[in-house]
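Asks: curious how this folds, go ahead:
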Amino acid sequence: MELFLKKFKTKYDSAPFSKINLSDYKEAFEKTIELARAEIDAIVKNTEKPTFQNTIEALDYSGERLDRLSSLFFNLNSAETSDDMQKIAQEVSPLLTAFSNDIALNEDLFKRVKAVYDLKDSLTLTTEQATLLEKKFKGFSRNGALLNEEDKSKLREIDTELAKVKLTFGENVLAETNNYQLHITNEADLKGLPDGAKEMAASLAKSKNLEGWVFTLDFPSYLPFVTYVENRELRREIAIAAGKKSFQNNEFDNKENVKRIVELRHKRANLLGYQSHSHFVLEERMAQNPEKVQSFLNDLLEKAKPAAHKEFTELTAFAKELDGIDQLEKWDGAYYSEKLKQKLFSLDDELLKPYFKLENVLNGAFTIAEKLFGITFKEVFDIDKYHEDVQTFEVLDSEGQLVAIFYSDFFPRKGKRNGAWMTSYKPQYIKAGINERPHVSIVCNFTPPTETKPSLLTFNEVTTLFHEFGHALHGMLANTTYPSLSGTSVYWDFVELPSQVMENWCYEPEALALFAKHYETGEIIPQQYVEKIKESASFLEGMATLRQLSFGILDMTYHGKSQTIDDVKAFEKQAMEIASLYPDVEENCMSTSFSHIFQGGYSSGYYSYKWAEVLDADAFAYFQEKGIFNKEVATKFKDNVLSKGGTELPMELYKKFRGQEPKVEALLKRAGLL
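Replies: A predicted model of the protein is given here:
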């Protein structure tokens, strides 16, 4: 427990994973909260008049030990959890909520912050300092500092309950994911499935002491199954299982949790004087308000709908011609899309996978980062890690100085949540003249190596790796003074720009030549495959756009106005109707496992994926104009976007990089929707 009370005695102050006992966490949280409270008290009790330094700056640097502990614990709770860890999470979440409420509702602290804020026009502050002052003031006003005592106490109750319900929502989804397996003993049922996926399923069965093959709802197991298995009935079975997670009237059901989260969020927003949760959230986004988001989504919907319906009609006709299927269902989508893609482009993942050995792809991302931003990655073995799958790297600049520590964790396992994400164990900031460098991690669920093959990625997994690596660059190249403005601490609809822009290099012959090499022969990916990858980039893009928009619309419908939801399924169906293509599946409901908006931070923010696509298409068009490894453009991107974090309004940063506001045409052109 003492471990967490001061800097770690490790190389670069890195997380000492192997020295941590689960039993230490609860007491460590109590102790570091106590330390953080003492720092806050010192600010409040300071007898000198409030200044930017003794109040705003002091506040931002406070709670360092607690922040390190929290990031460590909650990162592991996502990547390497257990029942015991989840119990601890349920115990410490209310403590953390109570503590953050104590700060947000501390009147004496707010008085000091407000005293500095009221003088802001007469202070000589840097842009970053002015942003921090604005952020700290809003941090209080948006969290109830201007409320009366009775309402403050209501807010505390709402926040405590909300933290617990969101945690339960996530635990239920994980439990439902882990509880399902499709056990197959007849090999004929797997006709069409690639050897790699079959081998993975066999080794999973073996690990469970079962004969045959086992498939789960983890993406690397689920996706190949619904994409390749010819047996339509089995595709239907696993797809329905995936679609009814936490919608089964059992102990892991999330219907009431969805209703409660929506209700609590609306109550909270109303209490703070906002019309809805969306109005509250979007005040701190590039989009600014729900009307602007709705109009953005509707505009894209209008442009994508004709293409989507045309594609869906073509896909339906193709399925009928191939297998006599009259009505395409959700479990047919991936299967017939893949078949049509193979027919049109003679391209399938199995053909491409040998060229995308995981280690090569990762090294490719490293090489591209070196060409663009002048940094190098060196694997090291003297930094502690939480699982043997994790790799650790020192990231160095051209002078050999440390830029960051980078962790990568690529394979699925029990206790690791689905999906892919970037996170950090330590932020970058400058204090007392020392530039503390960040410790950044990316976590994915890729196809693991088997006894006979290394980990070979689908092209989709390649773009996922580049996406998360883009987030990681945003964290690693951060160069700001204050921790709360560093790295990915930016407006939510700006945070996806660095990640999504990186995906573009996966489609460029010049970049692919650096890493797309056959794992057995070393042959570089043939030019005709590269051309097909580029051609197929906008394949069924109308349908994909409609799908993304339907999620954004559902999110805004939940959070855009106060309402009573009687039936989650009916509510969802009505909201998504406008962007639906496939017939509804009665026993499925997306909302009950829509973790992005009900557990993660995407509520009233799902639109930001598309919003950021507009930014990234426009930004990459600039690279293409000047050359995809153009140093001048890359340096502008690094200096104005990647290193600046949240120190300025994102649109200002974007214009400094690009010289103009982004244009939606770049996205429509790239997606073939113009």
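
Asks: so what's the residue nearest the centre of the chain up against?
Replies: In the chain, the residue lying closest to the centroid (Cα atoms, centre = their mean) is residue 421, at 4.7 Å. Contact partners of residue 421, counting by Cβ atoms under 8 Å, 6 or more residues apart in numbering, are 78, 442-443, 468. For glycine as for every other residue, the C-beta is placed from the backbone atoms N, C-alpha and C.

Asks: now stretch 578-598 - C-alpha only, CSV.
Replies: This file holds the C-alpha atoms of stretch 578-598, laid out as CSV (Å, rounded to 0.1, in the frame of the first residue of the first chain):
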residue,chain,number,x,y,z
ILE,A,578,-35.0,6.3,-40.1
ALA,A,579,-31.5,4.7,-40.8
SER,A,580,-32.5,1.0,-40.8
LEU,A,581,-31.9,-1.4,-43.6
TYR,A,582,-32.3,-4.9,-42.2
PRO,A,583,-35.5,-6.3,-40.6
ASP,A,584,-35.7,-6.0,-36.9
VAL,A,585,-34.8,-9.0,-34.8
GLU,A,586,-37.3,-9.3,-32.0
GLU,A,587,-35.1,-10.9,-29.4
ASN,A,588,-32.3,-8.4,-29.9
CYS,A,589,-31.7,-5.0,-28.5
MET,A,590,-28.5,-3.0,-29.0
SER,A,591,-29.0,-0.5,-26.2
THR,A,592,-28.5,-3.0,-23.4
SER,A,593,-24.9,-3.6,-24.5
PHE,A,594,-24.2,-0.2,-26.1
SER,A,595,-21.3,0.3,-23.7
HIS,A,596,-19.9,3.3,-25.6
ILE,A,597,-22.8,5.5,-24.4
PHE,A,598,-23.9,3.8,-21.2
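
Asks: burial measure for residue 27, as a count.
Replies: Around residue 27 sit 12 other residues, with neighbours defined as other Cβ atoms under 10 Å.

Asks: tell me the confidence at it?
Replies: The confidence metric pLDDT takes the value 95 at residue 27.

Asks: tell me, how many residues neighbour residue 31?
Replies: Residue 31 sits with 18 neighbouring residues when counted by other Cβ under 10 Å.

Asks: circling back: now the contacts of residue 421 in JSON lines, with neighbour count and distance to residue 366?
Replies: Listed next are these as JSON lines, based on neighbours: other Cβ atoms under 10 Å; distance: Cβ to Cβ, whole Å:
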{"residue": "78", "neighbour count": "16", "distance to residue 366": "24"}
{"residue": "442", "neighbour count": "24", "distance to residue 366": "12"}
{"residue": "443", "neighbour count": "22", "distance to residue 366": "18"}
{"residue": "468", "neighbour count": "22", "distance to residue 366": "14"}
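
Asks: identify the bridge partners of the residue nearest to the centre of the chain.
Replies: For residue 421, the beta-bridge assignment (DSSP bridges) gives partners residue 443.

Asks: dump the contacts of residue 421 into a markdown table; add pLDDT as well.
Replies: Converted to a markdown table, these look like this (pLDDT from 0 to 100):
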| residue | pLDDT |
| --- | --- |
| 78 | 94 |
| 442 | 98 |
| 443 | 98 |
| 468 | 98 |
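
Asks: out of these, which one sits closest to residue 93?
Replies: Proximity to residue 93 was ranked across the contacts of residue 421 by Cβ to Cβ; first place goes to residue 78, at 13.8 Å.

Asks: gap between stretch 468-477 and the chain center?
Replies: Stretch 468-477 sits 12 Å away from the centroid of its parent chain (Cα atoms, centre = their mean, to the nearest Å).

Asks: the longest helix seen in the chain packs against which elements?
Replies: Longest helix in the chain by number of residues (criterion: DSSP state H): helix 290-323. In terms of contact count using 3 or more Cβ pairs under 8 Å, 6 or more residues apart in numbering; DSSP states H and E, helix 290-323 is assigned the packing partners helix 277-282, helix 330-345, helix 541-559, helix 608-626, helix 664-670.

Asks: could you rerun that using 6 Å?
Replies: On a contact count with 3 or more Cβ pairs under 6 Å, 6 or more residues apart in numbering; DSSP states H and E, helix 290-323 meets helix 330-345, helix 541-559.

Asks: any chance of those in JSON lines, with distance to residue 289 and mean neighbour count too?
Replies: What follows is the helices and strands packed on helix 290-323, written out as JSON lines (distance: least, Cβ to Cβ, whole Å; neighbours: other Cβ atoms under 10 Å):
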{"stretch": "helix 330-345", "distance to residue 289": "34", "mean neighbour count": "19"}
{"stretch": "helix 541-559", "distance to residue 289": "11", "mean neighbour count": "23"}
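
Asks: any chance of those helices in TSV, with distance to residue 272 and mean pLDDT too?
Replies: Below are the helices and strands packed on helix 290-323 laid out as TSV (distance: least, Cβ to Cβ, whole Å; pLDDT from 0 to 100):
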stretch	distance to residue 272	mean pLDDT
helix 330-345	39	95
helix 541-559	14	96
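
Asks: which of the ones you listed sits closest to residue 455?
Replies: Comparison of those against residue 455 by Cβ to Cβ identifies helix 330-345 as nearest, at 20.7 Å.

Asks: need the contact partners of that closest one.
Replies: The contact list for helix 330-345, computed with Cβ atoms under 6 Å, 6 or more residues apart in numbering, reads 226-227, 235-236, 239, 315, 318-319, 348, 532, 536, 539-540, 582, 585.

Asks: what does stretch 135-142 give?
Replies: Taking Cβ under 6 Å, 6+ apart as the rule, stretch 135-142 contacts 56, 110, 113, 117.

Asks: coming back round to it: which pair in the contacts of helix 330-345 spans the largest distance?
Replies: Between all members of the contacts of helix 330-345, the farthest pair (by Cβ to Cβ) comes out as 532 and 585, at 32.8 Å.

Asks: neighbour count for those two, which is higher?
Replies: For residue 532 against residue 585, the residue with the higher neighbour count under other Cβ under 10 Å is residue 532, and the figures read 19 against 15.
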